[in-house]
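**Q** Just the structure for this:
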Amino acid sequence: MSDCIFCKIAAGEIPSSCLYDGDGVYAFKDINPQAPVHFLVIPKEHIGSAAEITPENSHIISKCFEVISSLAKTQGLEKGFRVITNCGSDGGQTVPHLHFHVLAGKKLGERLV
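**A** As a prediction, this is how the structure comes out:
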């Protein structure tokens, strides 16, 4: 998608603090962190949200979670981390490209709202 900011980041058209780039997945540090550790993991292929996951593209979602697991280890997140994806405007999604927030580095509360 030509006007998608995350597509542009994954393509290297917009600079980011890259943590991983390969296998159809891109991970980078969030520019507005909500925790001491906050990064995003996205499929390079444009998928609008979790509502657009299909049998044809679901393999990339498992790859995203493999990258999350690997980065959690290399980032030293042994005590735990949280993975969040927002879906649609009522779900709080502000960028219409599927992305997973990984938050850690402090004890996170049990409540999300």
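**Q** quick one: strands adjacent to the longest strand anywhere in the chain?
**A** The residue-count maximum for a strand in the chain (DSSP state E) belongs to strand 37-43. Here strand 37-43 has these sheet partners by DSSP bridges: strand 25-29 (antiparallel), strand 100-104 (antiparallel).
**Q** What's the first helix or strand after it?
**A** Remark: after strand 37-43, the chain's next helix or strand is helix 58-74, criterion DSSP states H and E.
**Q** Quick check: mean pLDDT of the next helix or strand after that next one?
**A** Next along the chain after helix 58-74, taking DSSP H and E as the criterion, comes strand 82-84. Strand 82-84 shows a mean pLDDT of 97.
**Q** and strand 82-84, what does it pack onto?
**A** strand 100-104 (3 or more Cβ pairs under 8 Å, 6 or more residues apart in numbering; DSSP states H and E). C-betas here are computed from N, CA, C, even on glycine.
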